[in-house]
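Colleague: Sequence and predicted structure are below.
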Amino acid sequence: MIAVGDPLQIEPVVTIHDKTIEFLKNYYKQSAFIASKTTSVQSLADAANNYIGIRELDGTNFYVGSPLLVHGRCQKRIFDIANIIAYNETMIYNTVDREESVCAWIDVKGQSQNKHFVLEQAKRILPIIKNKFIASWNKNGKAEIPSLFIISPFRNVKAGLASYYRDNDFLYHNICENNDVECKQNIKDWIRDNIGTIHTFQGKEADTVIICLGVDSGEKKMEQ
């Protein structure tokens, strides 16, 4: 088996109760590392690797197997942020630069609903979605959907965004003419497949990615 991944990016999703994990650890006489919720398949593979790389984060050494240092996905500004905060500036930038690429940080204040979802943030994203649909359809026809992801760390933010765009006419207005059923269905398909949590889009890429953090204006901000 070959395990390819980055144990520092996203922790494993474990739904087993802590008491069950503790019971299995004791029953099979396993170490705390093996039984930890934060230990991924990648971490286990790295521990067994004959070739070791070391990554330092906040003064702590993380031992990884054969690290992949050449990055060819994100544009330079996002690459630089990740390279500084998580990789000790050891990654090599190999993405093809796009002159039209934009990285913007948008501060949208509002009160959260259902813990994290902020309606004002959904409204701020709306014109970006509309413009992407119009540009894509003008270029490729209405059978195409734009290369656009909306990602959030929180499932209730994802659910709130999807519900807001799906159940209201705001997104369809000025895009779908004469109550075009096929047009509306294409938009609904995009909502279903392109709004999700970070885990949903791990390993995927799009021309435009919006990260909506949600939460109250008193706590954190929304980033694009």
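Modeller: Looks like it arrived, so ask away. Given the structure is predicted, the values throughout are model-derived calculations rather than measurements.
Colleague: from here on, contacts and neighbour counts on C-alpha atoms
Modeller: Will do.
Colleague: hey, which helix or strand in this structure has the poorest pLDDT?
Modeller: For the chain, counting by mean pLDDT, DSSP states H and E, strand 53-57 ranks last in confidence among helices and strands (a mean of 75).
Colleague: That one - which strands sit beside it in the sheet, and in what orientation?
Modeller: strand 60-64 (antiparallel) (DSSP bridges).
Colleague: buried residues in stretch 71-86?
Modeller: Within stretch 71-86, the residues that count as buried by 16 or more other CA atoms under 10 Å are Arg73, Cys74, Gln75, Lys76, Phe79, Asn83, Ala86.
Colleague: For my notes, confirm Glu22 occurs in a strand.
Modeller: No - checked against DSSP: H, G, I helix; E, B strand; the rest coil, Glu22 lies outside a strand; its state is helix.
Colleague: among the buried residues of stretch 71-86, which are in helices?
Modeller: Lys76, Phe79, Asn83, Ala86 (DSSP state H).
Colleague: Closest one of these to Leu69?
Modeller: Asn83 (9.9 Å; CA to CA).
Colleague: for the one residue sitting closest to the centre of the chain, what are its contacts?
Modeller: Centroid-nearest residue in the chain: Ile198, 3.1 Å away (criterion: CA atoms, centre = their mean). When contacts are counted by CA atoms under 8 Å, 6 or more residues apart in numbering, Ile198 touches Ile151, Ser152, Pro153.
Colleague: quick one on the thing from earlier: between the ones in helices among the buried residues of stretch 71-86, which sits nearest Glu56?
Modeller: Distances from Glu56 to these, taken by CA to CA, are shortest for Ala86, at 8.3 Å.
Colleague: burial of the spatially closest residue to Lys130 that is not a sequence neighbour, as a residue count?
Modeller: For Lys130, ignoring the flanking residues on the chain, the nearest one in space by CA to CA, 6 or more residues apart in numbering is Leu171 at 6.7 Å. Counted with other CA atoms under 10 Å, residues neighbouring Leu171 total 21.
Colleague: Make 19 the first number, not 1, from now on.
Modeller: Understood, numbering begins at 19; the last thing we discussed is Leu189.
Colleague: can you tell me how far Phe135 sits from Lys141?
Modeller: 12 Å (CA to CA, to the nearest Å).
Colleague: Between those two, tell me which one has more neighbours.
Modeller: Legend: neighbour count by other CA under 10 Å for Phe135 and Lys141, higher for Phe135 (26 against 16).
Colleague: ok, back up a step: distance of the residue nearest to Lys148 relative to Lys202?
Modeller: 9 Å.
Colleague: The helix or strand harbouring Ile228: partners in the sheet, and parallel or antiparallel?
Modeller: Here Ile228, judged by DSSP states H and E, is contained in strand 226-229. Here strand 226-229 is paired, per DSSP bridges, with strand 166-170 (parallel).
Colleague: could you give the angle of whatever helix or strand comes next after the strand it pairs with to strand 166-170?
Modeller: Per DSSP H and E, the first helix or strand lying C-terminal to strand 166-170 is helix 173-185. Computed by axes from the mean of the first three to the mean of the last three CA atoms, to 10 degrees, the angle separating helix 173-185 from strand 166-170 equals 140 degrees.
Colleague: which residues sit against the helix or strand just after helix 173-185?
Modeller: Remark: after helix 173-185, the chain's next helix or strand is helix 199-212, criterion DSSP H and E. Here helix 199-212 makes contact (CA under 8 Å, 6+ apart) with Lys160, Ala161, Glu162, Ile163, Leu166, Phe167, Ile168, Ala180, Tyr183, Arg184, Tyr190, Cys194.
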